[in-house]
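Enquirer: I would like the atomic coordinates for the input below:
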Amino acid sequence: MLSPAAAPFLRHIKRCHNVTLPAGRIPLLYQGMTIGLVDPNALDWLTSGPCASLLHVTSNAITLPAGEHLRDISTALIAQERVVPFNEWFDVRTPEGTIIGQIDRALIPVFGVEASGVHMNGLVRKTDGLYLWVAHRSPHKRLDPSKLDHLVAGGMSSGLTPLETLVKEAEEEAAIPADIAQQAHHASTLHYAMTRPEGLRRDKLYCYDLTLPETFIPHANDGEVESFHLTPIQEVFQRVRESDDFKFNVNLVLLDLFLRLEMFDKQDSLLLTRALHGQTKPA
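Expert: Here you go, the predicted structure:
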């Protein structure tokens, strides 16, 4: 059992693992493989209009005959104003990782396909200890406005690797030059499945650490971030423990960082690691 000091962190894991799949959703199949889980409320969208000829729909499954149909389906549903588009394409993959097509980001939670993203801990080592750059999201963000965030974080757009995504987002969000961003170290990979207002999130997060010099100051570069604040790691630890100020999945990446920094005792560390990586169901 977790100690009283560590138990509050468990709620962040529970929040990001709040669904047991398939959760009443309809499997989306490609060549016999499940690539997504479709919201039953979207069935009418898929059995009428242009989509009817692009998918084979039954009460038990939805079959995608060809991967290239995903773009046509996205375009059709956006034209019908079923969703508000992000105008950003994400790759859809088989369980083995083969890219079969692309979908507009807005439809990812509707179709329940796995999406990938990157999160980077921007660390600064000072004489008095370790600090973390914390971003304050813009109040105009479509998802999770005004929440606290990582120095760099973003979804992995079509055609990009995790590191390429990191370098791109670092320049766009925090004006971090590519030669510095490329020094980031891939520390871990996290998975979760959760229901949110926008639908089902099945996310894969590539987590990076980057140690920055004290002299480097990030700058909000694209309007997605309102400001950056260099914060002692212990203060970040307490804020994650005691509040929900950080964006929901940022808490998982920070918890992973705290575990790697050995900020918990041995027993708490073991139990939280198992829960974080899905080796045990959060109690």
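
Enquirer: Low-confidence stretches in this structure?
Expert: Along the chain, segments meeting pLDDT under 70 span 280-283.

Enquirer: check which helix or strand covers the spatially closest residue to L70 that is not a sequence neighbour.
Expert: In space, and not counting its chain neighbours, L70 is closest to G101: 3.7 Å by CB to CB, 6 or more residues apart in numbering. (Glycine included, C-beta is placed from N, CA and C.) Element membership of G101 [criterion: DSSP states H and E] is strand 99-104.

Enquirer: same deal with V124?
Expert: In this assignment (DSSP H and E), V124 forms part of strand 114-126.

Enquirer: so how far is stretch 100-111 off the chain centroid?
Expert: Centre-to-centre, stretch 100-111 and its host chain are 14 Å apart (CA atoms, centre = their mean, to the nearest Å).

Enquirer: got it, and stretch 208-218?
Expert: Here stretch 208-218 is found 22 Å from its chain centre; the criterion is CA atoms, centre = their mean.

Enquirer: and that stretch, C-alpha only, in CSV?
Expert: The C-alpha coordinates for stretch 208-218 follow below in CSV (Å, rounded to 0.1, in the frame of the first residue of the first chain):
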residue,chain,number,x,y,z
TYR,A,208,12.6,13.4,-23.0
ASP,A,209,14.9,15.1,-20.6
LEU,A,210,17.0,18.1,-21.6
THR,A,211,19.4,19.8,-19.3
LEU,A,212,19.7,23.5,-20.1
PRO,A,213,22.3,26.1,-19.0
GLU,A,214,21.2,28.7,-16.5
THR,A,215,21.8,31.4,-19.1
PHE,A,216,19.2,30.0,-21.5
ILE,A,217,15.8,31.7,-21.3
PRO,A,218,12.9,30.2,-23.3
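
Enquirer: List the contacts of that stretch.
Expert: 118-126, 133, 151-152, 166, 174-176, 180-181, 183-187, 228, 257 (CB atoms under 8 Å, 6 or more residues apart in numbering).

Enquirer: What residues sit buried inside it?
Expert: Neighbour counts over stretch 208-218 (16 or more other CB atoms under 10 Å) mark 208-210, 212, 218 as buried.

Enquirer: I'm done for today, thanks for sticking with me.
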